[in-house]
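**Q** Requesting a structural model of the entry that follows:
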Amino acid sequence: MRSLVQSGARVLAWDDDERVLRKSRELFAGCEFVHPYEYKWDEISELILSPGVPHSCHNEHWVVRLANRVGCRITSDVEIFCRSRPARLIGVTGTNGKSTTVELIGWILNRAGIDSETGGNIGGKGVLSLPQGKATYILELSSYQLELMHGVSLDIGVILNITPDHLDVYSSMADYIAAKGRILELSNLLVANCGDDNTARLCENVENMVEFSCEEKLGKGVSVLDGHIHFQGRVAEIGDLKIDSASNAENIAASYAVAKSLGVSDEVIIASIREFPGLRHRNQVVAEIANVTFVNDSKATNAASVAKALMGRENVYWIVGGRARMAE
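**A** Below is the predicted model:
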């Protein structure tokens, strides 16, 4: 909101949670906190929804119904960002691994001399606050954000995987897959995981696509198997990493495919992957005491991400908590 105010826009804001609203009034000077029922809707050009506010027809927030009734265009901060930045845009979606892949792509490109910035649906890195003037922006895109992107063109779109998630918001797994599939329409080049069944079916008719797999060696495309990257007849050893190679195989494969499509050399890519420090709370080794390794994977919030965190580890004491999420 601060970025919108600084751009000269008149910003009206609201939150259903009174505590959030009270804090926002303290943080965002220049915003007008007005209940949507009191808006002069004919003076409003767009309604920007925060990620996660339900807007589909079977489960829409009341403000969405109100905006639709008065004919106000509904959009997201990501679409506004994409319209305002004359730069190369790379979008990454998937159920798991988005943040790590976004940061790994940015890490590789910056080390290849391609001035890049990362952001999107990553905590603390809202897109409208990203610095201007970068050559490339790599954005994490949720299913909610993809549904609200219209008239936007991504130079490269990435689908990592699609497994059951957010079924408390979507009426079915098919609806969730369709929301992720919006990235197909937006991307000039698609990088997709053909080793993931849902992604493979979704992308089977896409022509301009680089496939990757961590399940089998592909004749075309990128494969990450047994610590090696296979691409167009070449084999590169990944070597020792600062991140867990098994649970990050898809992230590595997708990042390699994106970097190669932009002309980055194998030498730079492999060296960058080896030095990538990873992200906090994502299969992060936080201590080793008396031959016991302590791992923080608190960002694993669904069954598929937990399974990847546990793979390759033996004699595991798993401490788990939180709120149950609907899944098939």
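
**Q** Next, count neighbours for Arg2.
**A** Applying other CB atoms under 10 Å, we find 15 residues neighbouring Arg2. Every C-beta, even on glycine, is put in place using the N, C-alpha and C of the backbone.

**Q** no, scratch that, I was asking about Arg10
**A** Arg10 has 12 nearby residues by other CB under 10 Å.

**Q** I figured it was touching Gly30, is that so?
**A** No: taking contacts as CB atoms under 8 Å, Arg10 lies outside contact range of Gly30: 9.2 Å.

**Q** quick one, helices of this protein?
**A** With helices called from DSSP state H, the chain shows them at 2-6, 18-27, 62-70, 77-84, 98-111, 143-147, 173-180, 182-186, 197-202, 249-261, 266-275, 303-310.

**Q** mean confidence score for the fourth one?
**A** Right, helix 77-84. Averaging pLDDT along helix 77-84 gives 90.

**Q** Which strands and helices lie in contact with that helix?
**A** strand 46-48, strand 136-140 (3 or more CB pairs under 8 Å, 6 or more residues apart in numbering; DSSP states H and E).

**Q** List the buried residues of it.
**A** Asp77, Val78, Glu79, Ile80, Phe81, Cys82 (16 or more other CB atoms under 10 Å).

**Q** quick check: angle from it to strand 136-140?
**A** 170 degrees (axes from the mean of the first three to the mean of the last three CA atoms, to 10 degrees).

**Q** how about stretch 84-97: buried residues?
**A** Under 16+ other CB under 10 Å, the buried positions of stretch 84-97 are Arg85, Ala87, Arg88, Leu89, Ile90, Gly91, Val92, Thr93, Gly94, Thr95, Asn96, Gly97.

**Q** quick one: least confident helix or strand in the chain?
**A** helix 303-310 (a mean of 72; mean pLDDT, DSSP states H and E).

**Q** For Val295, list each beta-bridge partner.
**A** Val285 (DSSP bridges).

**Q** For the remainder of this discussion, apply numbering that starts at 43.
**A** With the count now opening at 43, the last piece we talked about shows up as Val337.

**Q** ok, now which ones touch it?
**A** Taking CB atoms under 8 Å, 6 or more residues apart in numbering as the contact definition, Val337 lies against Asn325, Gln326, Val327, Val328, Ala351.

**Q** neighbours of the last one, just the number please.
**A** Just to be clear, that refers to Ala351. 21.

**Q** That one against Val327, yeah?
**A** No: using CB under 8 Å, Ala351 is not in contact with Val327, being 11.6 Å away.

**Q** Excluding chain neighbours, give the residue nearest to Pro78 in space.
**A** Leaving out its chain neighbours, the residue that sits closest to Pro78 by CB to CB, 6 or more residues apart in numbering is Val105, at 5.0 Å.

**Q** List the beta-bridge partners for Val200.
**A** Val134, Val233.
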